[in-house]
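Q: turn this into a structure:
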Amino acid sequence: MGPILGGLYWDHFTVDVDEPRWGSIPLANQTLRGYVVSKTFAPYIGLAMPAQGVLATVIYSPLAWSNTTLALRTSAATVAELQYKWKKPGNLLSATIEYSKTLFGSTSLGLWGNYSWMSVRGNAELEFERAAPFALRQRDVTATMTKYVLQGGVSLGIHF
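A: You can find the predicted model right below:
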């Protein structure tokens, strides 16, 4: 067993949606544009487990806060923006494994992988804006957001 970890997790995830095209030609009747933004903040506690070139870490937080904005625009000028703000925190769990091997002298090769999961469910404040005719409203709703992230990579290090 290794040291106990503590810290702050923050992520900002954005997806831009633009007019679909075939090369430089817009597709007929496809006018959807906009973006999706998710911001997450969580203080966490975790555990690091080092062993012979391998380091595994696991972090957890029952205090994950998230705001999500969906801003989509169409030629019909329907709902332009939806913003969800959860009134209670959700859960965040993340596990990372790293392997490092010295190749020769001051050069090393590393492999790493990470899996993260976050879920927020319950009462949220929904603020929505309509473009035409303009309207801005707020409502209390029940909403669920779940995020999964699976990533990995290879690294090459040269130590000076």
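Q: residues in contact with M145?
A: Contacts for M145 (C-beta atoms under 8 Å, 6 or more residues apart in numbering) come out as S38, S66, T68, Y84, W86, G90, M118, S119, V120, R121. Bear in mind the C-beta positions are built from the backbone N, C-alpha and C, glycine included.
Q: please point out which parts of the helix or strand hosting it sit buried.
A: With secondary structure defined by DSSP states H and E, M145 is part of strand 135-158. By neighbour count, and taking 16 or more other C-beta atoms under 10 Å as the criterion, the buried residues in strand 135-158 are A143, M145, K147.
Q: adding pLDDT, write these out as JSON lines.
A: What follows is the buried residues of strand 135-158, written out as JSON lines (pLDDT from 0 to 100):
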{"residue": "A143", "pLDDT": "88"}
{"residue": "M145", "pLDDT": "88"}
{"residue": "K147", "pLDDT": "90"}
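Q: right, and the helix or strand after the helix or strand of the chain with the lowest mean pLDDT?
A: Ranking every helix and strand in the chain by mean pLDDT, DSSP states H and E puts strand 21-22 at the bottom, with a mean of 70. Downstream of strand 21-22, the next assigned helix or strand under DSSP H and E is strand 25-26.
Q: that following strand pairs with which strands?
A: Sheet pairing of strand 25-26 (DSSP bridges) gives strand 21-22 (antiparallel).
Q: tell me which stretches of this structure form strands.
A: Along the chain, counting by DSSP state E, strands occupy 4-17, 21-22, 25-26, 33-51, 54-73, 79-86, 90-104, 107-130, 135-158.
Q: ok and the last one relative to strand 79-86, angle-wise?
A: To tie it back to what came earlier, the one meant is strand 135-158. Computed by axes from the mean of the first three to the mean of the last three C-alpha atoms, to 10 degrees, the angle separating strand 135-158 from strand 79-86 equals 70 degrees.
Q: just the CA coordinates of strand 135-158, formatted as CSV?
A: Provided in CSV are the C-alpha atoms of strand 135-158 (Å, rounded to 0.1, in the frame of the first residue of the first chain):
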residue,chain,number,x,y,z
ALA,A,135,-37.7,34.1,-23.7
LEU,A,136,-35.6,33.2,-20.7
ARG,A,137,-37.0,30.9,-18.0
GLN,A,138,-35.9,28.8,-15.1
ARG,A,139,-37.5,25.5,-13.8
ASP,A,140,-36.7,22.9,-11.2
VAL,A,141,-36.3,19.5,-12.9
THR,A,142,-34.9,16.0,-12.2
ALA,A,143,-31.9,15.4,-14.4
THR,A,144,-29.2,12.7,-14.8
MET,A,145,-25.7,13.1,-16.2
THR,A,146,-23.2,10.2,-16.5
LYS,A,147,-19.7,10.5,-18.0
TYR,A,148,-17.3,7.8,-18.8
VAL,A,149,-13.7,8.4,-19.9
LEU,A,150,-11.3,5.7,-21.1
GLN,A,151,-7.9,6.8,-22.2
GLY,A,152,-4.3,5.6,-22.5
GLY,A,153,-1.0,6.3,-24.0
VAL,A,154,2.7,5.7,-24.5
SER,A,155,5.4,8.0,-23.3
LEU,A,156,9.1,8.2,-24.0
GLY,A,157,11.2,10.1,-21.5
ILE,A,158,14.7,11.5,-21.7
